[in-house]
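Participant: could you work out the structure for the sequence below:
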Amino acid sequence: MNWIQRKIYLYNVTFGLYMLDWWERYLINTLMIVLLWFICYNGSRSAAEFYRSHLRVKLGIGTN
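Facilitator: You can find the predicted model right below:
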């Protein structure tokens, strides 16, 4: 068992996916990917907005 297979096995055992059918596992993994994408997308938008509204003003970037 290589490193990637061990990580997949650990993921399946940790979240209890090993006892599900293939289609249930596929559905849950799809939902996890969508959730992670949503978190990363909104996190990057929030970070960009924070930079634009707070840090640029405090650092004096773009002001005359």
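Participant: and the longest helix anywhere in the chain, average pLDDT?
Facilitator: Longest helix in the chain, counting residues (DSSP state H): helix 22-50. For helix 22-50, mean pLDDT is 95.
Participant: let me know the pLDDT of residue 59.
Facilitator: With respect to pLDDT, residue 59 has a value of 70.
Participant: what about it, how many neighbours?
Facilitator: Residue 59 sits with 10 neighbouring residues when counted by other CB atoms under 10 Å. In this view, the C-beta of every residue, glycine as well, is placed from N, C-alpha and C.
Participant: swap in residue 31?
Facilitator: Neighbours of residue 31 using other CB under 10 Å come to 10.
Participant: distance of it relative to residue 15?
Facilitator: 12 Å (CB to CB, to the nearest Å).
Participant: one step back: name the helices or strands packed onto the longest helix of the chain?
Facilitator: The helices and strands touching helix 22-50, judged by 3 or more CB pairs under 8 Å, 6 or more residues apart in numbering; DSSP states H and E, number zero.
Participant: check which residues of it are buried.
Facilitator: Along helix 22-50, not one residue counts as buried under the neighbour rule (16 or more other CB atoms under 10 Å).
Participant: can you give the distance of that helix from its chain's centre?
Facilitator: 5 Å (CA atoms, centre = their mean, to the nearest Å).
Participant: ok, now stretch 18-37?
Facilitator: 14 Å.
Participant: so what touches that stretch?
Facilitator: 12, 15, 17 (CB atoms under 8 Å, 6 or more residues apart in numbering).
Participant: show me what contacts the first one?
Facilitator: Read that as residue 12. Residue 12 neighbours (CB under 8 Å, 6+ apart): 18, 25.
Participant: what about it, helix or strand, and which?
Facilitator: Using DSSP states H and E, the element containing residue 12 is helix 3-14.
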